[in-house]
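Chemist: Provided below are the primary sequence and the corresponding predicted coordinates.
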Amino acid sequence: MGYFYAITVFNDPMKRIVFVRHAKSSWTDETLNDMERPLNERGKVDAPLMADKMRSMGLVPDALVSSPARRARKTAQKFAKVYRFEPEIILDDRIYEADEEMLMNVIRDFPPQAETVFVFGHNPGFTWFVNGLCNVRIDNIPTCGCAVVELASDTWKNTSNDNNKLIAFEYPKKELLG
């Protein structure tokens, strides 16, 4: 007697966003303006660690979108290296110091064909935005923390604060604690 195996292929129209707060930055050179602060040594270690964590969860970016601030760009570059991501990182000036309304506009302008977008930016905007987007209570997305959101919409243009799910919240110290 033979067995019949059904294979289910998920044609999942859900859009996913991985909000990545930039990795730990350096304050050693006080002459640098905020946009030019580099990653410190811990940040240089944490970014590939978290990229590897996201990859191990099966999250693969179709696009990387970053604040133009050096620490966010460098974090995005570390993720790109781990993923061997070839397309250019999209820099969006609106992410730097963005409020919730501006971040919503950034999302609505994501490349329409992308299903999973990693966006690199800053607090407090990211924490506030994820809380509102998913109706959750995260006190703080720490440096290099990743909040993975599954949107209820199948298009970026239709993104709203209704019925989205926070499906993962990871950060470096959580990884180190096991």
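Modeler: All right, it came through fine.
Chemist: Over to the residue most central in space within the chain: give its phi and psi.
Modeler: With distances taken as C-alpha atoms, centre = their mean, Phe19 lies nearest the centre of the chain, 2.6 Å away. With angles defined as degrees, to the nearest 10, Phe19 sits at phi -80, psi 120.
Chemist: Might one say that Leu64 is in contact with Thr116?
Modeler: No: counting by C-beta atoms under 8 Å, Leu64 does not reach Thr116; the two are 10.3 Å apart. All C-beta atoms are positioned from the backbone trio N, CA, C, and that covers glycine.
Chemist: So for those two, which sits in the more crowded spot?
Modeler: Using other C-beta atoms under 10 Å as the criterion, Leu64 and Thr116 rank with Leu64 on top: 25 against 18.
Chemist: quick one: that one from Ala72, how far?
Modeler: Distance check for Leu64 against Ala72: by C-beta to C-beta, to the nearest Å, it reads 11 Å.
Chemist: Next: Arg37.
Modeler: Counting by C-beta to C-beta, the separation of Arg37 from Ala72 is 10 Å.
Chemist: cool, and Glu88?
Modeler: 15 Å.
Chemist: For those two, indicate the residue with more neighbours.
Modeler: For Glu88 versus Ala72, the count of surrounding residues by other C-beta under 10 Å is larger for Ala72: 28 against 9.
Chemist: and that one, what element?
Modeler: helix 70-83 (DSSP states H and E).
Chemist: So what's the gap between that helix and the chain middle?
Modeler: Relative to the centre of its chain, helix 70-83 is centred 11 Å away, using C-alpha atoms, centre = their mean, to the nearest Å.
Chemist: likewise stretch 34-47?
Modeler: 16 Å.
Chemist: shaky segments in the protein?
Modeler: Within the chain, the ranges that satisfy pLDDT under 70 run 1-13, 175-178.
Chemist: Swap in 50 and give it another go.
Modeler: Within the chain, the set of residues satisfying pLDDT under 50 comprises 1-11.
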